[in-house]
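Visitor: here is a sequence with its predicted model. Questions after.
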Amino acid sequence: PIGYSTYIAAPELHECRECPKGQECKTGNCTSCVDCEKGYYKPTVGPQLCFPCPLNTFNQFTGGADFEVCIACPPSSGTDGPAKTHPTDCICFDTHYSVFEEAEQLVTCMACPVGAACDDRTCALRLENQSCTGLETNAWKKIEGDWRRSSTSEIFRVLDCPLG
């Protein structure tokens, strides 16, 4: 049955065994349990299938045997669904922009600086063109100043402001 693997000690000896923590069988003729996929976990021995990591978490590894493998997204971010597999699946809220730290494989959400916030409170630094849409005109308007990411920290800084 689904959730069990068939153990064959000898041709005449067949035995169904429950899958261990972190493993599952998805088909009825399963001969061996397989690790839970990335984004999933299974905390018990038994016939259950692996559970998806919940909304606003991710799991980068296969074979998750405890809920603790589902890592919470950093503050001011969330996922667009369950069973996510990478830190970049955590998306910063509209009022923040993301900084991805490659070495640590972490996403940090930085609050939008005052000069980069749009009228609707979204952060223009989230967009490649660093622009806001006009609430009434629906036209794009670039934020004031020359905003650049630091090459070492990935944090935005305004380098130059317009005259006036």
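Guide: Received the coordinates, thanks.

Visitor: what about K142, how many neighbours?
Guide: K142 has 12 neighbouring residues, counting by other CB atoms under 10 Å. C-beta here means a position set from N, CA and C on the backbone, and glycine is covered the same way.

Visitor: now do the contacts for it.
Guide: Neighbouring residues of K142 by CB atoms under 8 Å, 6 or more residues apart in numbering: 124, 129-131.

Visitor: show me what it is bridged to.
Guide: S131 (DSSP bridges).

Visitor: ok, back up a step: got a ChimeraX select line for the buried ones in the contacts of K142?
Guide: To isolate in ChimeraX the members of the contacts of K142 that are buried, counting by 16 or more other CB atoms under 10 Å, one can use:
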select :124,130
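
Visitor: tell me which two of the contacts of K142 sit farthest apart.
Guide: Greatest spacing in the contacts of K142, by CB to CB: A124 and N129 (8.3 Å).

Visitor: neighbouring contacts of stretch 51-63?
Guide: Contacts for stretch 51-63 (CB under 8 Å, 6+ apart): 22-23, 35-43, 64, 69-73, 77-79, 81-87, 89-90, 105.

Visitor: again but with stretch 89-101, I slipped
Guide: 56, 58, 73-74, 76-80, 84, 87-88, 106-112, 116-117, 121-123, 125-126, 153-156.

Visitor: in that stretch, what counts as buried?
Guide: Across stretch 89-101, burial judged by 16+ other CB under 10 Å covers 89-93, 95-99.

Visitor: in strands only, show me those.
Guide: Members of the buried residues of stretch 89-101 lying in strands (criterion: DSSP state E): 91-92, 96-99.

Visitor: could you check how far the residue at minimal distance from the centre of the chain is from S151?
Guide: Nearest residue to the geometric centre of the chain (CA atoms, centre = their mean): D89, 2.7 Å. As judged by CB to CB, to the nearest Å, D89 and S151 stand 25 Å apart.

Visitor: over to Y41?
Guide: In terms of CB to CB, Y41 sits 38 Å off from S151.
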